[in-house]
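[1] Below is the sequence, then the predicted model.
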Amino acid sequence: MSLLLTGRIQSTLRHFLHNEAAGGIILMAVAVLAIATANSPLAETYFHLLHAYVGPLSLQHWINDALMAIFFLLVGLEIKREMLDGQLSTWSRRILPGAAAAGGMIVPALIYVYFNWDDPSTLRGWAIPTATDIAFALGVISLFGRRVPTSLKIFLAALAIIDDLGAVIVIALFYTAGLNLLALAASAVVVGLLVFLNRTGVKSLVPYLALGAVLWVLVFASGVHATLAGVVLALTIPLKRTPGTPEAHHSESPLHKLEHALHKPVAFVIVPIFGFANAGVSFTGVTMAVFAEPLTMGVAAGLVLGKLIGVLGTAAALVKLNIADLPAQASWGQMTGVALLCGIGFTMSLFIGLLAFNDPTVQDHLKIGILIGSFTAGALGAVFLGVFGRRNRQAI
């Protein structure tokens, strides 16, 4: 499947890749800062502030439940735009990244289950290694510039977007607490109003965002994770399709306008705040035995081996069966590097892990697994992209 793009789609993805890559580089620095802070004399202050209450919620809950709802709003906008009017708008474009994303979720989950089969208490974390951090992954691949073909960067972005959709579905189905049916029914009424606004051609973002705030409160009260309100809101924002035309200006439709407004705040403020609030893990009292625990090993192995086998194996099968083509000008060595980069699970993996477990000790152990797996996958992916990218450049 050729992913050479022109016109509107190329311009949209170039802008998207630029923002996500730069945000990923910042996120790397923030993660290191969080770990350093959690193991410094400031550690007590750091953890105390995160658990300090601001109104009805702790600061960490405001970050994870409210700020991340804006992150999920952007994710939903990107999914809708790409599915209806972008790189994923046709089945021929969806099949390779879509199948690879599915393989990259199933195999890591199976590997995690293999390590934790005998412990029902940790099995709940099976979805932790299924996620890909799009900002982190694109941040790494951006460091190689023209040595990596644009088609491969687009493949990674498309795969990660579909992966995000899978993560949203997993959170909705498997990480929902006891339901408040009255609040859930009220949420459905608000969604109905949002759909009504869409169908009647209302283009002002004000009523959508006002109802979105109400929806967040109701979803939070319902027991469904409040961040999913962001995705639902995104799916009701009107989109004007612009096929075969130059890149639509951000004022072309409400969805373009909102997505344009959110990209930089999410990439450069919200996700780094989340990373700093949640990546900090104290290594005080941590022994080598922690690294051999089924939970830690399941997460790390799922991210490194699971993503590699799931993504690369699925892509190889589709190409071998002539169902899809390798991204234009990409080699199998580079595809291996990209498959490894999909093992950088940082933001989404942390988010799912915090939903799966409430015990702070267990959370620390899963964070160690995420950090080990993500770092290893990112480093190996960078090696493959560096080696095979250099060879390709010399060949030219």
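    Thanks, I have the structure now. The model shown is predicted, which means the values in this text are computed figures rather than measured ones.
[2] residue contacts, Ala315?
    When contacts are counted by Cβ atoms under 8 Å, 6 or more residues apart in numbering, Ala315 touches 96, 99-100, 103, 324, 326, 335, 339. The way it works is simple: take the backbone N, C-alpha and C, and place the C-beta from them, glycine included.
[3] ditto for Leu59
    Leu59 neighbours (Cβ under 8 Å, 6+ apart): 49-53, 277.
[4] Using ChimeraX, make a named selection holding only the buried ones among the residues you listed.
    In ChimeraX, this line selects whichever of the contacts of Leu59 come out buried by 16 or more other Cβ atoms under 10 Å:
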select :50,277
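[5] ok, back up a step: so which of the contacts of Ala315 is the most crowded?
    Neighbour counts for the contacts of Ala315 (other Cβ atoms under 10 Å) peak at Ala100, which has 31 neighbours.
[6] Next up, identify which helix or strand that one is on.
    helix 91-116 (DSSP states H and E).
[7] taking the mean pLDDT, what do you get for that helix?
    For helix 91-116, mean pLDDT rounds to 93.
[8] What's the first helix or strand after it?
    Using DSSP H and E, the helix or strand that follows helix 91-116 in sequence is helix 120-123.
[9] Surely Val319 and Trp332 touch.
    No: taking contacts as Cβ atoms under 8 Å, Val319 lies outside contact range of Trp332: 9.0 Å.
[10] Give me the packing partners of the lengthiest helix in the chain, helices and strands only.
    In the chain, taking DSSP state H as the definition, the longest helix is helix 360-395. Here helix 360-395 touches helix 134-142, helix 288-291, helix 294-301, helix 332-341, helix 346-356, going by 3 or more Cβ pairs under 8 Å, 6 or more residues apart in numbering; DSSP states H and E.
[11] Of those helices, which is nearest His263?
    Evaluated with Cβ to Cβ, the helices and strands packed on helix 360-395 place helix 134-142 nearest to His263, the distance being 11.1 Å.
[12] how far off helix 346-356 does that closest one point, in degrees?
    Orientation check (axes from the mean of the first three to the mean of the last three Cα atoms, to 10 degrees): helix 134-142 against helix 346-356 gives 150 degrees.
[13] Give me the angle between helix 134-142 and helix 360-395.
    Between helix 134-142 and helix 360-395, the angle comes out at 30 degrees (the same axes, to 10 degrees).
[14] other SSEs contacting helix 134-142?
    helix 7-38, helix 150-174, helix 332-341, helix 346-356, helix 360-395.
[15] Just give me how far that helix sits from the chain centre.
    In this view, helix 134-142 has its centroid 11 Å away from the chain centroid, taken as Cα atoms, centre = their mean, to the nearest Å.
[16] Hey, what's the angle from it to helix 332-341? Just curious.
    Using the same axes, to 10 degrees: helix 134-142 against helix 332-341 is 150 degrees.
[17] which residues touch helix 134-142?
    Residues outside helix 134-142 that contact it (Cβ under 8 Å, 6+ apart): 17, 20-25, 27-28, 148, 152-153, 156-157, 160-161, 163-164, 267, 271, 338, 341-342, 344, 346-347, 374, 378, 381-382, 385.
[18] if we can go back for a sec, between Val319 and Trp332, which contacts overlap?
    With contacts defined as Cβ under 8 Å, 6+ apart, the residues shared by Val319 and Trp332 are Leu326.
[19] Helix or strand: which one has Ala186?
    Assigned by DSSP H and E, Ala186 belongs to helix 181-199.
[20] Now that helix - C-alpha only, CSV.
    Taking C-alpha atoms only, helix 181-199 is exported to CSV below (Å, rounded to 0.1, in the frame of the first residue of the first chain):
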residue,chain,number,x,y,z
LEU,A,181,-27.6,4.5,36.0
LEU,A,182,-29.3,7.9,36.7
ALA,A,183,-26.1,9.8,35.8
LEU,A,184,-25.5,7.5,32.8
ALA,A,185,-29.1,8.2,31.6
ALA,A,186,-28.5,11.9,32.0
SER,A,187,-25.2,11.6,30.0
ALA,A,188,-27.2,9.9,27.2
VAL,A,189,-29.6,12.9,27.1
VAL,A,190,-26.6,15.3,26.8
VAL,A,191,-25.1,13.2,24.0
GLY,A,192,-28.5,13.4,22.3
LEU,A,193,-28.4,17.2,22.5
LEU,A,194,-24.9,17.2,21.0
VAL,A,195,-26.0,15.0,18.1
PHE,A,196,-29.0,17.4,17.7
LEU,A,197,-26.7,20.4,17.4
ASN,A,198,-24.6,18.5,14.8
ARG,A,199,-27.7,17.5,12.8
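[21] Identify each buried residue in the helix holding Ala100, please.
    Buried residues in helix 91-116, counted by 16+ other Cβ under 10 Å: 93-94, 96-109, 111-112, 115-116.
[22] Next: stretch 349-359.
    Buried, per 16+ other Cβ under 10 Å, within stretch 349-359: 349-357.
[23] For Pro207, state which of these is nearest.
    Nearest to Pro207 among the buried residues of stretch 349-359 is Phe351, at 28.9 Å by Cβ to Cβ.
[24] nearest spatial neighbour of that closest one, skipping sequence neighbours?
    Met68 (6.8 Å; Cβ to Cβ, 6 or more residues apart in numbering).
[25] I'm done for today, thanks for sticking with me.
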